[in-house]
Structure formats: C-alpha cells, structure tokens
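# coordinates only, sequence not included:
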C-alpha cells in the first residue's frame with residue numbers, strides 16, 4: 001500500500017454559500033459545473049458518482065449550506081483497491097454574495113497528490129468562479 005498524504009485548498013467565490021452547496025450536492029447542477037454526468041444523493045450515507053463515474057463514494061456528514069464530508073475514491077491505476085480518502089468542503093459566508101470554501105482532501109495516495117491538487121483547481125474551483133464572475 002502506498003503512503004498517504006493530506007492537502008488543503010482555500011478558494012473565494014462570488015456566490016452565496018447555499019448556491020455553492022446546491023451546486024455540489026445537486027446532480028443536475030453538479031453536471032452543469034463539471035460538464036459531465038453526476039448523480040449525488042443529498043442524504044447522509046447516500047452515494048455519489050461524479051465525472052462520468054471517475055470519482056465516487058458516500059456522504060459522511062452534511063450540514064445544509066455549510067459543510068460536506070464525503071468518503072471519496074477515484075478510478076486511477078495508482079489508487080489502492082478498496083481505499084477511500086475523505087474530502088471536506090467547509091463553506092463560510094463573506095457577506096450575502098461571497099463565500100470561502102476551505103477544502104481538504106485526506107488520505108490521498110502520495111504519488112497522486114499533485115494531480116489532485118491541480119484537478120480540484122482546474123475542474124472545480126475555476127469553473128465555479130466562472131459561474132459567478
């Protein structure tokens with residue numbers, strides 16, 4: 001089994017926290033954000049599958065409009081079979097129309113960390129910012 005690492009990212013978006021939460025947790029809106037198929041349960045214990053099945057897992061903790069914690073894995077050759085990492089989105093309002101996302105990705109296979117850091121920026125944070133210029 002490879003070594004595992006954690007990383008965090010912080011992004012500010014010109015959108016209310018509830019709008020960000022809804023984009024991440026609604027199948028249709030998530031698909032619009034990523035341009036790919038997404039199926040996302042809005043229940044704790046419910047499953048999600050995003051990016052045409054590339055990433056999937058379960059909701060561990062959901063606080064409406066504030067926090068999303070999910071077990072998460074990716075279809076990658078270097079990803080150990082049966083291993084799940086954890087992703088956390090903590091949403092903090094900055095007034096009514098701006099928010100900060102404090103994101104952490106824990107227990108990532110160390111050889112994949114750079115790819116995932118770049119991937120979250122390119123495939124989530126940049127499109128999210130583009131939706132709310």
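Received, thanks. Small disclaimer: the values here were computed from a predicted structure and weren't measured. Numbers count the residues shown, from 1 in each chain.
# can we go C-alpha only for contacts and neighbour counts from here?
Noted.
# mind listing the strands for the chain?
4-13, 39-40, 47-50, 55-63, 67-74, 85-93, 99-109 (DSSP state E).
# Relative to residue 23, which of those strands is closest?
Nearest to residue 23 among those is strand 39-40; the distance by CA to CA comes to 10.3 Å.
# How far does the closest one sit from its chain's centre?
Chain-centre distance of strand 39-40: 12 Å, with CA atoms, centre = their mean, to the nearest Å.
# Check stretch 121-133 too.
Counting by CA atoms, centre = their mean, stretch 121-133 is centred 12 Å from the centre of its parent chain.
# in it, what counts as buried?
Residues 124, 125, 128 are the ones in stretch 121-133 that count as buried (16 or more other CA atoms under 10 Å).
# Check the burial of residue 18 by counting its neighbours.
Neighbours of residue 18 under the rule other CA atoms under 10 Å: 16.
# Nearest residue to it in space, please, no chain neighbours.
residue 65 (4.5 Å; CA to CA, 6 or more residues apart in numbering).
# can you check residue 74 too?
Distances taken as CA to CA, 6+ apart put residue 55 closest to residue 74, at 4.4 Å, once the chain neighbours are dropped.
# Could you report the separation of that neighbour from residue 133?
With distances taken as CA to CA, to the nearest Å, residue 55 is found 27 Å from residue 133.
# Let me have the buried residues of stretch 121-133 in CSV, adding pLDDT as columns.
Converted to CSV, the buried residues of stretch 121-133 look like this (pLDDT from 0 to 100):
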residue, pLDDT
124, 97
125, 98
128, 97
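# Mind putting these into a markdown table with distance to residue 99?
Below are the buried residues of stretch 121-133 laid out as a markdown table (distance: CA to CA, whole Å):
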| residue | distance to residue 99 |
| --- | --- |
| 124 | 15 |
| 125 | 12 |
| 128 | 12 |
